[in-house]
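Engineer: I'll drop the sequence and a predicted model, then ask my questions.
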Amino acid sequence: MGLSAGGRECPFSLDGQVVLVTGAGRGIGRAVALGAAALGAHVAVMARTAAQVREVARQAEAYGVHAVALPGDVRRRADVEVAVEAAWSSLGPIDVLVNNAGAFEAHEFLATPYEKWRGLVEDNLAGAFHCTQVVAARWVRARRAGRVVNVSSVNGSFGVGWSSAYNVAKSAIDELTRTWAVELAPYGIVVNAVAPGFIDTAMARARGESDFETEAFRRFYVGERRIPLARPGTPEEVAGAVLFFASPACRYVTGQVLAVDGGLSITY
Ligand SMILES: NC(=O)c1ccc[n+]([C@@H]2O[C@H](COP(=O)([O-])OP(=O)(O)OC[C@H]3O[C@@H](n4cnc5c(N)ncnc54)[C@H](OP(=O)(O)O)[C@@H]3O)[C@@H](O)[C@H]2O)c1
């Protein structure tokens, strides 16, 4: 357990822990990496855009912790093996894996050939598969406990149009969270997930106009309070939930998917 500033044990502290965050070059992953650093963790920052991961690692180090930038594609097994080895050897054994990397692409079911659709599913599944298998195998070999936090989406639970591949992948992430929790529990590994709703990041602005600036969003989600808190969330608000699952305080919770959506899932 980490120590608080007052010298008392604080189960939420990540003091001295090593946290690997995928998709940490911007958005939710960046907020998780910086939030973990603020709680005292050494952080390994992985994404494809080298300049972004270097910048986030530099910002993390401002909290007085060590950070390593790991440019790489989580969909490629070789990239994941190289990144995990680099994190483990430069920061020490990994304590927490945050599977956050993901990509959204709107598509119409009737107009999407199977190969394209399968690729969109894999874009959101392969990374979590490779990272969890590589890191958990090391935990088992080293007889170390560990915590995995998956970043899913409320799309994994609702029928949301024009995103069937993404929705299927996130549903699978929810089920992998439960299945891994069962299979890895004997090794002292807990596995949980957060399912964000509308969060203000580059992903939400990918189609040029922010989701939150549309008339439909203002009328339906805000005006009619389909999001009871009547606004999109911030990456830092998602990070808060991720960091609970990442902390030593999360010892008797496993296989859970927590919506971080301003209440959207209770009215949907
Ligand atoms: N924003 C939302 O409203 C929302 C809602 C629900 C769930 N989520 C989930 O939250 C997670 C983060 O999303 P975000 O909104 O923060 O998106 P974002 O701003 O687009 O950031 C995504 C991050 O993932 C990295 N990434 C994507 N594919 C990767 C790959 N194959 N290998 C390595 N890194 C990869 C990106 O960097 P590179 O492109 O440089 O690799 C980037 O750093 C995703 O899993 C997403 O599905 C987001």
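Structural biologist: That came through, no problem. Numbering: from 1, shown residues only.
Engineer: who are the neighbours in contact with Ala145?
Structural biologist: Neighbouring residues of Ala145 by Cβ atoms under 8 Å, 6 or more residues apart in numbering: 139, 187-189. Glycine gets a C-beta too; all of them are placed from N, C-alpha and C.
Engineer: 10 Å instead?
Structural biologist: Contacts for Ala145 (Cβ atoms under 10 Å, 6 or more residues apart in numbering) come out as 95, 139, 184, 187-190, 248, 251.
Engineer: next one: Ile227
Structural biologist: Contacts of Ile227 by Cβ under 10 Å, 6+ apart are 197-198, 217, 220-221, 233, 261-268.
Engineer: at 6 Å instead, please
Structural biologist: 221, 262, 264 (Cβ atoms under 6 Å, 6 or more residues apart in numbering).
Engineer: In strands, which of the residues you listed fall?
Structural biologist: Taking DSSP state E, every one of the contacts of Ile227 sits outside strands.
Engineer: Mark which of the contacts of Ala145 are buried, thanks.
Structural biologist: 95, 139, 184, 189-190, 248 (16 or more other Cβ atoms under 10 Å).
Engineer: Secondary structure, pLDDT and distance to Arg147 for those - can I get that in JSON lines?
Structural biologist: Shown next, in JSON lines, are those (DSSP: H, G, I helix; E, B strand; the rest coil; pLDDT from 0 to 100; distance: Cβ to Cβ, whole Å):
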{"residue": "Asp95", "secondary structure": "coil", "pLDDT": "98", "distance to Arg147": "7"}
{"residue": "Trp139", "secondary structure": "helix", "pLDDT": "98", "distance to Arg147": "10"}
{"residue": "Leu184", "secondary structure": "helix", "pLDDT": "98", "distance to Arg147": "10"}
{"residue": "Ile189", "secondary structure": "strand", "pLDDT": "98", "distance to Arg147": "7"}
{"residue": "Val190", "secondary structure": "strand", "pLDDT": "98", "distance to Arg147": "5"}
{"residue": "Pro248", "secondary structure": "coil", "pLDDT": "97", "distance to Arg147": "8"}
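Engineer: Quick check: the two most widely separated of those?
Structural biologist: Leu184 and Pro248 (17.0 Å; Cβ to Cβ).
Engineer: ok so, going back, what's the closest of the buried ones among the contacts of Ala145 to the ligand?
Structural biologist: When these are compared for distance to the ligand (Cβ to the nearest ligand atom), Val190 wins out at 19.7 Å.
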